[in-house]
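sequence first, then the predicted structure:
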Amino acid sequence: MRVITQQKLGGPEVLTVVDAPAPRAIPTEVLVRVKAIGLNPLEARLRAGEFPLLGRPPFTLGWDISGVVEEAQAWRFRPGDEVFGMPLFPRAANAYAEFVSAPALHLTRKPASLSHVEASALPVVGLTAWQGLVDIAGVTAGDRVLIHGGGGGVGHVAIQLAKALGAHVIATASTGKREFVEGFGADEVIDYTAVDFAEAVRDIDVVLDTIGGDTAGRSLGVLRPGGHLVTAVAEEDAELAAEFEAAGRRFSGIGVDPDPVALRGLADLVEQGKLRVHVQETFPFERVADAHRLLERGHLRGKLVLTV
């Protein structure tokens, strides 16, 4: 099979396509013939060596996959089933490849209404949004939810999920993304290039931070007493957590993990027509370096995907 690997840390040019033996599924796993691979900003940071989640090279990046079961060593699936998921995170799933062996529990059946490209774009961002809004914050009908980075991968899915939960959704986005974000159901959009969100909103029940920097800290003042900040980018900031607690607000970090219940929940929302995922651009497998260059530039609308 073809696999994308790297022998050293560095820029997108270190990613190379090589031939390698296909993995073998062990009991409880399935072998997936990959059709599409979702890309995430984390992978560009790992490639460059910003932190050693996967250790030293050589290694193969990637977690988001959609494809067809080639071989099943588990009762949950049969050969020919179309599946998608985020196997093994944060351990290496070696998903930049034509075949991936994955725990069956980390996958679910692909909705017929989703292409493999769309399905591969959903797991990491969808599970992050679900675990943040449903599992941690417990968003319910009538809550006022502020989503930072509404036009990004996590953000545009989180808007739809919060709306499906019955929340009033406010999202921050740049001028050029206003219509894009409104198209996913945001009740209000704050153009952060022109307006300070900290001055524009109050009495928020839940803030979901996907931006980082000083965004989490500046969100303290918009929360009602007892309100909850969930951050996917400042989860280890103990000093900030203490500041929120002292002010009578809650602070939670989220590190996404494989979750079959949430993954099935996302698929159900897709089937109900309440959730869709936006893919800004697709790249063929061999153009992974070009995809990573665009990934590094940031300010994406939704996700980037490799096709196999």
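Right, received. Where do you want to start?

please make it C-alpha for all contacts and neighbour counts, starting now.
OK.

contact partners for the nearest residue to residue 29 once chain neighbours are set aside?
Counting by CA to CA, 6 or more residues apart in numbering, residue 103 is the residue found nearest to residue 29 once chain neighbours are left out, at 4.2 Å. Residues near residue 103 by CA atoms under 8 Å, 6 or more residues apart in numbering: 28-30, 87-88.

drop anything exposed from these.
Neighbour-count burial (16 or more other CA atoms under 10 Å) applied to the contacts of residue 103 gives 29-30, 87-88.

from those, pick the one nearest residue 272.
residue 87 (24.6 Å; CA to CA).

ok, that closest one touching residue 260?
No: contact between residue 87 and residue 260 fails when scored by CA atoms under 8 Å: they sit 10.2 Å apart.

who touches both of these two?
Joint contacts of residue 87 and residue 260 (CA under 8 Å, 6+ apart) are 106-107.

ok but residue 261 is inside a helix, no?
Yes: under DSSP: H, G, I helix; E, B strand; the rest coil, residue 261 falls within a helix.

that one: how many residues sit nearby?
For residue 261, the neighbour count with other CA atoms under 10 Å is 13.

can you check the pLDDT for it?
Residue 261 carries a pLDDT value of 96.

ok, it to residue 268 distance?
Distance, residue 261 to residue 268, using CA to CA, to the nearest Å: 10 Å.

next SSE after the lengthiest strand in the chain?
Counting residues, the longest strand found in the chain (DSSP state E) is strand 29-39. Of the helices and strands lying after strand 29-39 in sequence (DSSP states H and E), the nearest is helix 41-48.

and for the very next helix or strand once past that next one, what's in contact with it?
On the C-terminal side of helix 41-48, the closest following helix or strand by DSSP H and E is strand 64-72. Here strand 64-72 makes contact (CA under 8 Å, 6+ apart) with 25, 29-39, 77-87, 95, 110, 116-117, 119-124.

and those, which of them are buried?
Of these, these count as buried by 16+ other CA under 10 Å: 25, 29-39, 77, 81-87, 95, 110, 116-117, 119-124.

just the strands in the stretch 151-300 of the chain please.
168-173, 188-191, 204-209, 223-231, 250-253, 279-284 (DSSP state E, counting those that start in this stretch).

pick the most deeply packed of those strands.
strand 204-209 (a mean of 26; mean count of other CA atoms under 10 Å).

how deep is residue 299 tucked in, by neighbour count?
15.

my guess is it contacts residue 152, does it?
Yes: using CA under 8 Å, residue 299 is in contact with residue 152, at 7.1 Å.

can you tell me the strand partners of the longest strand of the chain and which way each runs?
Strand 29-39 has its sheet partners listed here by DSSP bridges as strand 64-72 (antiparallel), strand 99-103 (antiparallel), strand 303-307 (antiparallel).

Throw those into TSV and include mean pLDDT, thanks.
Shown next, in TSV, are the strands paired with strand 29-39 (pLDDT from 0 to 100):
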stretch	mean pLDDT
strand 64-72	98
strand 99-103	98
strand 303-307	98
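
which ones are touching residue 77?
30, 69, 104.

and it, its phi and psi?
Main-chain torsions, residue 77, degrees, to the nearest 10: phi -140, psi 160.

mind listing what residue 15 touches?
So residue 15 contacts 4-6, 288-289 (CA under 8 Å, 6+ apart).

rerun at 10 Å
3-9, 47, 60-61, 286-289, 292 (CA atoms under 10 Å, 6 or more residues apart in numbering).

what's the per-residue pLDDT of it here?
98.

ditto for the one 4 residues further on
At residue 19, the pLDDT value in this model is 98.

please apply the same query to residue 56.
94.

contacting residues around it?
6-9, 46-47, 49.

go with 8 Å
residue 8.

now residue 181. Nearest residue, chain neighbours left out?
Among residues not flanking residue 181 along the chain, residue 151 sits closest, at 5.6 Å (CA to CA, 6+ apart).

then residue 279?
residue 303 (4.7 Å).

from residue 282, how far out is that neighbour?
With CA to CA as the criterion, residue 303 and residue 282 are 9 Å apart.

same check, this time on residue 30
Counting by CA to CA, the gap from residue 30 to residue 282 is 26 Å.
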